[in-house]
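*Asks:* build me a structure from this.
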Amino acid sequence: MSKKIVIIGGVAGGASAAARARRLDENAEIIVFERDSFISFANCGLPYHIGGEIAERSKLLVQTPESMKARFELDIRIRTEVINIDGAAKTVTARDLATGNEYQETYDALILSPGASPIRPPIPGIDSDAVFTLRNIPDMDRIIRQINIEAPKSAVVVGGGYIGIEMAEALIHRGIETTMVEMLPQIMASVDPEMATPLHQEMRRNGVRLKLSNALAKIEPNGEGLTLTLQNGETMQTDMVIMAIGVRPETKLAQMAGLEIGTTGGIKVDAQMKSSVADIYAVGDAIEVTDFVTQQPVLIPLAGPANRQGRIAAEVIFGRDSEYKHTQGTSICKVFDLTAANTGANEKQLKKLGLPFEKVYVHPQDHAGYYPGATPVSLKLLFNPEDGKLYGAQAIGAKGVDKRIDVMAVAIRAGLSVFDLEEQELCYAPPFGSAKDVINQAGFVAANVVRGDLELCHGSNVPDCTEDAYLVDVRNPAEIGVLGTIEEAKNIPLHELRNRLDELPKDRTIVVFCAVGLRGYVAYRLLQQHGFKVRNLAGGYKTYQMYERIGQ
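*Replies:* This is a model prediction of the structure:
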């Protein structure tokens, strides 16, 4: 006898589950309830339509209710909200939002894919008509209508996560003066603070005013727009506000049905997407997942994992032994002309959990420097200092960031170490890469640390990484004249170092540095073999400057 499957919610998780269920059983009865009018749309593309990069609204519609029904023979009921689940009776109560009629449907298996809703904190004035959030196509349409009809000259984006960054860029592209307010001292919290500093510079270079380490406290209509009051007492005038401070799992239905909620606030599921109530599965942004690296419960609302979870739920319903193998949080964001991406655990997470870790930085070109158009990629690699096991990676650059983080994501998933990164055989031709790729270079540096061939000093604690630090800048004087140096550092260019060893103290720890770490490493090896106590500044002066600009 064929199964009757009810799916609550479409988009990534629900639509994927429905399509996979049909491919597995042509005779199953599959009902999809969606309270919106859109069953499968590219919600990650919404800011880009607002900004004009995606010109046609229709391009965002991955599948329409009509196309999904025609292709998969699904019973799709849009503008219908499920208002109750009875897990014991295996029924749902649905309400047709057009007519108000309520009715019940039975199910053999139920898949919950309600997603997450934008957080709207209880700030006075937040219900103003000029305050918006962005979750779906109707939200997008409201923002575009406001821009086209009201022609705002200014806007404030509250929140510096992915949606906030993308919306700030979209508003700038529409010619709107834009300010971003972020409670943390950095935007894009998935990367570490020093890695966010180039993003701050890029945002400001493109006209976005950043107000970091601050939060919105009050919104007041003033007749000509809105007056915003920040927590530090500062006030500012604007024509519209985009709230982008994050999302919260939609768990109302799950709680009504008695499903267990995890410690993070998401629906608790096992590896087969099963909830605590028999024959009810949950997928997507509403669920709590396990972090692949730290093994901690987390909320990671990403489209890729949601699609895989929907597919797995459908397979388990039809008897397949499929399992979801945790979430790495691999993500990427366009920040005007830069790209920022990360995978695995960041330093903040590792510190919070008390896990031993080391970190290295490399800043090579995205392809061979002698081929035109090469641009730097800044990559941070986190790993276990004992065995070199990979924990996470972050990268910032104009080009080539995505492929490096994709390689790192696969390496972490495969349980590889820094030694494996040394051996990775990656594509090389001058327009595309280097004989020693960014990945290889990060592996070389990290492997040197684990083997004991290199001891580092980090920009976060220079010059105090040792009590007796003696700083030596091995760059050429011309570089220092343009870029500056660390206060109290002695300049001995690398090519002169062997002949000037008598200028260095043997009773102190020499901390050597260059632009990005390579010449510093050569100097480190030279000095160590001449009997000096020595450390190399990780990532060189470039990384040091990134630390110096944290919070700016």
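
*Asks:* quick one: low-confidence parts of the stretch 401-550 of the chain?
*Replies:* Within the stretch 401-550 of the chain, the stretches with pLDDT under 70 are 463-464.

*Asks:* can we see that at 80?
*Replies:* By pLDDT under 80, the low-scoring segments of the stretch 401-550 of the chain are 460-466.

*Asks:* can you give me the strands in it?
*Replies:* In the stretch 401-550 of the chain, the strands defined using DSSP state E, counting those that start in this stretch lie at 456-457, 469-473, 490-491, 509-513, 533-537.

*Asks:* the last one packs against which elements?
*Replies:* Using 3 or more Cβ pairs under 8 Å, 6 or more residues apart in numbering; DSSP states H and E as the contact criterion, the elements in contact with strand 533-537 are strand 456-457, strand 509-513, helix 518-529. All C-beta spots, glycine's among them, are computed from the backbone N, C-alpha and C.

*Asks:* what's the closest of the ones you listed to residue 177?
*Replies:* strand 509-513 (39.9 Å; Cβ to Cβ).

*Asks:* quick one on the thing from earlier: how about TSV for the strands of the stretch 401-550 of the chain, with mean neighbour count and distance to residue 303 added?
*Replies:* Shown next, in TSV, are the strands of the stretch 401-550 of the chain (neighbours: other Cβ atoms under 10 Å; distance: least, Cβ to Cβ, whole Å):
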stretch	mean neighbour count	distance to residue 303
strand 456-457	23	37
strand 469-473	22	46
strand 490-491	14	50
strand 509-513	25	41
strand 533-537	25	39
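
*Asks:* need those strands in CSV (columns: distance to residue 118).
*Replies:* Below are the strands of the stretch 401-550 of the chain laid out as CSV (distance: least, Cβ to Cβ, whole Å):
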stretch, distance to residue 118
strand 456-457, 41
strand 469-473, 47
strand 490-491, 52
strand 509-513, 44
strand 533-537, 42
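
*Asks:* do you know which of the ones you listed lies nearest residue 434?
*Replies:* That would be strand 533-537 among these, by Cβ to Cβ, at 21.5 Å.

*Asks:* which residues are contacting that closest one?
*Replies:* Under the criterion Cβ atoms under 8 Å, 6 or more residues apart in numbering, residues 454-459, 462, 465-466, 508-513, 517, 520-521, 523-524, 527-528, 543-544 lie in contact with strand 533-537.

*Asks:* okay, the helices and strands packed on strand 533-537 in TSV with distance to residue 85 next?
*Replies:* Listed next are the helices and strands packed on strand 533-537 as TSV, based on distance: least, Cβ to Cβ, whole Å:
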stretch	distance to residue 85
strand 456-457	54
strand 509-513	61
helix 518-529	60
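
*Asks:* name only those of the contacts of strand 533-537 that count as buried.
*Replies:* Listed as buried from the contacts of strand 533-537 are 454-459, 462, 465-466, 509-513, 517, 520-521, 523-524, 527-528, 543-544; burial here means 16 or more other Cβ atoms under 10 Å.

*Asks:* for the stretch 151-300 of the chain, which spans come out with low pLDDT?
*Replies:* Ranges of the stretch 151-300 of the chain meeting pLDDT under 80: none found.

*Asks:* give me the distance from stretch 242-261 to the chain's centre.
*Replies:* 20 Å (Cα atoms, centre = their mean, to the nearest Å).

*Asks:* next, the buried residues of it.
*Replies:* Neighbour-count burial for stretch 242-261 flags 242-251, 253-254, 257, 259, 261 (criterion: 16+ other Cβ under 10 Å).

*Asks:* next: stretch 180-195.
*Replies:* 180-184, 186-195.

*Asks:* also stretch 221-230?
*Replies:* Neighbour-count burial for stretch 221-230 flags 225, 226, 227, 228, 229, 230 (criterion: 16+ other Cβ under 10 Å).

*Asks:* are we agreed that the third one is in a helix?
*Replies:* No. The secondary structure assignment for residue 227 gives strand rather than a helix, going by DSSP: H, G, I helix; E, B strand; the rest coil.

*Asks:* bridging across strands, which residues link to residue 327?
*Replies:* Counting by DSSP bridges, residue 327 forms beta bridges with residue 291.

*Asks:* distance of it from residue 95?
*Replies:* Applying Cβ to Cβ, to the nearest Å, the value for residue 327 to residue 95 is 33 Å.

*Asks:* more neighbours, the two?
*Replies:* Each of residue 327 and residue 95 has its neighbours counted (other Cβ atoms under 10 Å); residue 327 has more, 22 against 18.

*Asks:* where's that one relative to residue 320, distance?
*Replies:* In terms of Cβ to Cβ, residue 327 sits 21 Å off from residue 320.

*Asks:* same check, this time on residue 189
*Replies:* 37 Å.

*Asks:* quick check, residue 264 in contact with residue 297.
*Replies:* Yes. With contact defined as Cβ atoms under 8 Å, residue 264 and residue 297 form a contacting pair (5.3 Å).

*Asks:* shared neighbours of these two, anything?
*Replies:* In contact with both residue 264 and residue 297: residue 288, using Cβ under 8 Å, 6+ apart.

*Asks:* residue 338 pairs with what?
*Replies:* When assigned by DSSP bridges, residue 338 has beta-bridge partners residue 335.

*Asks:* give the contact list for it.
*Replies:* If a contact means Cβ under 8 Å, 6+ apart, then residue 338 has 198, 199, 202, 396, 397, 398 as its contacts.

*Asks:* repeat for residue 287
*Replies:* Here residue 287 is in contact with 249, 266, 267, 268, 269, 273, 309 (Cβ under 8 Å, 6+ apart).

*Asks:* now swap in residue 161 and tell me
*Replies:* Neighbouring residues of residue 161 by Cβ under 8 Å, 6+ apart: 187, 188, 189, 244, 245, 246.

*Asks:* assign the second one to helix, strand or coil.
*Replies:* Translated: residue 188. Residue 188 ends up coil, using three-state DSSP.
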